[in-house]
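Enquirer: The sequence and its predicted three-dimensional model are supplied below.
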Amino acid sequence: MPSGLQVERLAYRRRRAVRSGVIAAISTVVLLVLVVVGVGSTPGWPRVRETFFDVERGWEALPVVAQGLWLNIRVMLICAVLIVLFGLTLAILRTLRGPIFFPLRVFAAAYTDIFRGLPLLLVIFLLGFGVPALQLRGLPNQAVIWGGAALVLTYSSYVAEVFRAGIESVHPSQRAAARSLGLSHQQTLRFVVLPQAVRRVLPPLLNDFVSLQKDSGLIAVLGVIDAIRAAQLETAEDFNFTPYVVAGLLFVALTIPLTRLTDWVARRQGWYGAGGGVV
């Protein structure tokens, strides 16, 4: 049975929680009212509402935009797997020790420096328009493939650095203990180092994949009919920009679950502290 002092503490915490919730709700409602009144009272709001927030036009464009979003989802899933594999390989190459592995370390470092410095849109243009123009036999000409390749090349450079940070965060005594037990270098890396490294960098990895979900829409510049391109074609019919808003809402609905999962994983690992909230 809890003591009287403990009961008083729990009651006090409940009162504080209720008070904080009430204050948060009131402040949120007041802010929303001020935003709605302020935006709605502007002279151009009726025109903006008709052009960007036409509900009927949004429902008409929803099936077409959603069909394009399915392509974004497939591109994101396939690229995510390739990015993890390629990024982990680059990270391992950069952490290899010994002079014999110097060329591999230089290659991995140069790769990450180059593709982290190049804008993603530029890489998409170079691969999407440049490689098919070479007319090389055996290479595909589909724009979606080269757009996905640009995503893989660019994001693998960022993910490689995330993995490398996780690998180097494992204390050297872990490696020494594994080697003293008779494990080889490969076994130490597989069974001791990588499990700890992946667990430590999981939140930033999930953040990268949240960005990948959004950046998958950049392949629209190659003419691929994804959600963004579908919204553009719908807008070209009557110059109503509501389809773009529909595409944005679909991307937000796709991103929020993974964002909340990232926050949950980060809180479980103590990234936000024991008292961290959802927001």
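Expert: Arrived safely, thanks for sending. Residues are numbered from 1 along each chain as shown.

Enquirer: For S3, grab phi and psi.
Expert: S3 adopts backbone torsions of phi -70, psi 170, taken as degrees, to the nearest 10.

Enquirer: For it, grab the count of nearby residues.
Expert: Neighbours of S3 under the rule other Cβ atoms under 10 Å: 8. The way it works is simple: take the backbone N, C-alpha and C, and place the C-beta from them, glycine included.

Enquirer: residue nearest the centroid of the chain?
Expert: V210 (1.8 Å; Cα atoms, centre = their mean).

Enquirer: That residue: what secondary structure?
Expert: On the three-state scheme (DSSP: H, G, I helix; E, B strand; the rest coil), V210 is labelled helix.

Enquirer: Now do the contacts for it.
Expert: By Cβ atoms under 8 Å, 6 or more residues apart in numbering, the contact set of V210 is 255, 258-259, 262.

Enquirer: low pLDDT regions in the stretch 51-200 of the chain?
Expert: For the stretch 51-200 of the chain, not a single residue meets the criterion pLDDT under 70.

Enquirer: all helices for the stretch 1-150 of the chain, in order.
Expert: Residue ranges of the helices in the stretch 1-150 of the chain, as given by DSSP state H, counting those that start in this stretch, are 4-40, 45-52, 55-94, 102-117, 120-125, 131-133, 143-169.

Enquirer: looking at those helices, which is buried most?
Expert: Across the helices of the stretch 1-150 of the chain, the average number of neighbours (mean count of other Cβ atoms under 10 Å) peaks for helix 143-169, which reaches a mean of 22.

Enquirer: residues of the helix or strand that comes right after that one that come out buried?
Expert: Downstream of helix 143-169, the next assigned helix or strand under DSSP states H and E is helix 172-180. Residues of helix 172-180 classed as buried: 175, 178 (neighbour count, 16 or more other Cβ atoms under 10 Å).

Enquirer: could you pull out the helices for the stretch 151-279 of the chain?
Expert: Here the stretch 151-279 of the chain has its helices, by DSSP H, counting those that start in this stretch, at 172-180, 185-188, 194-200, 202-215, 227-238, 242-268.
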